[in-house]
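Undergrad: 3D model of this:
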Amino acid sequence: MQKLIYTLLFLSFTFLLSSQSGIKFYGGISNAKNKNSLITPEGTSHPGFHIGADARLMNGKMYFVVGGQFHSIEFLSTSEKTYFSVENKMNWTKLRAGLGYTLFQINSKFTIRGKTLASFNFLNSYPNDLASAPFQNYNSGTVGAVLGLGMDLFNFTLDVEFENGFFKTVTMVDGTEINFLTLSLGYKI
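TA: Below is the predicted model:
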């Protein structure tokens, strides 16, 4: 059933991307923190990387955004920020939708943007056999709210986003919501 849902969501997303002229492809670094101090002790985080694509569904100063991301972050928290050498991978697929808006348009080549999105997060895989992990019973999905700020210079984009997690990451354990901070560099066509 889960594979059927993923397939339908992927086909819908592909259809939306192909029908829009404002598609942005990007990649960058991710840094996640769980609100539970057993999962993410003070001074540590879950670094990693992400790739994604977003499409605009309307043009203008305010527009709808539909997108998807793939994140690979460290399952065990660390004080080191090794974003591109993730050893114990925790992989997430995120489907996002919401509003984007122009904050300042300096000229036709330089724009400062904002965005507010809902993110539906699916936990694809994690190492469930690590003895040092505080929990092993992770939920297959969560939801978060994303606030972002971005800049367009010609066709290049730079974005910073913060996602606040709303649902428990660990089954039946209160306070295990996960937050993501991302920095992305992209190209829009």
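Undergrad: Show me which residues of the top strand by length along the chain are buried.
TA: Ranked by residue count under DSSP state E, the longest strand found in the chain is strand 89-107. Neighbour counts over strand 89-107 (16 or more other Cβ atoms under 10 Å) mark 90-98, 100 as buried. For glycine as for every other residue, the C-beta is placed from the backbone atoms N, C-alpha and C.
Undergrad: Same check on stretch 48-58?
TA: 48-50, 52-56.
Undergrad: circling back: just the closest of the buried residues of strand 89-107 to residue 135, please.
TA: The nearest member of the buried residues of strand 89-107 to residue 135, counting by Cβ to Cβ, is residue 90 at 12.1 Å.
Undergrad: Could you export stretch 81-92 as CSV, CA atoms only?
TA: Provided in CSV are the C-alpha atoms of stretch 81-92 (Å, rounded to 0.1, in the frame of the first residue of the first chain):
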residue,chain,number,x,y,z
LYS,A,81,29.3,18.7,10.9
THR,A,82,30.2,16.1,8.2
TYR,A,83,27.3,16.9,5.8
PHE,A,84,28.4,14.9,2.8
SER,A,85,29.8,11.8,4.5
VAL,A,86,26.8,10.3,6.3
GLU,A,87,27.8,7.1,7.9
ASN,A,88,24.5,5.8,9.6
LYS,A,89,21.9,7.0,7.1
MET,A,90,18.4,8.1,8.1
ASN,A,91,16.7,8.8,4.8
TRP,A,92,13.6,11.0,4.4
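Undergrad: Just give me how far it sits from the chain centre.
TA: Stretch 81-92 has its C-alpha centroid displaced from the chain centroid by 14 Å (Cα atoms, centre = their mean, to the nearest Å).
Undergrad: what does stretch 96-116 give?
TA: 18 Å.
Undergrad: what do you get for stretch 138-151?
TA: 6 Å.
Undergrad: try stretch 182-189
TA: Worked out by Cα atoms, centre = their mean, stretch 182-189 lies 12 Å from the chain centre.
Undergrad: Can you list the buried residues in that stretch?
TA: Applying 16+ other Cβ under 10 Å to stretch 182-189 flags 182, 184, 186, 188 as buried.
Undergrad: now do the same end-to-end measure for stretch 132-141.
TA: 23 Å (Cα to Cα, to the nearest Å).
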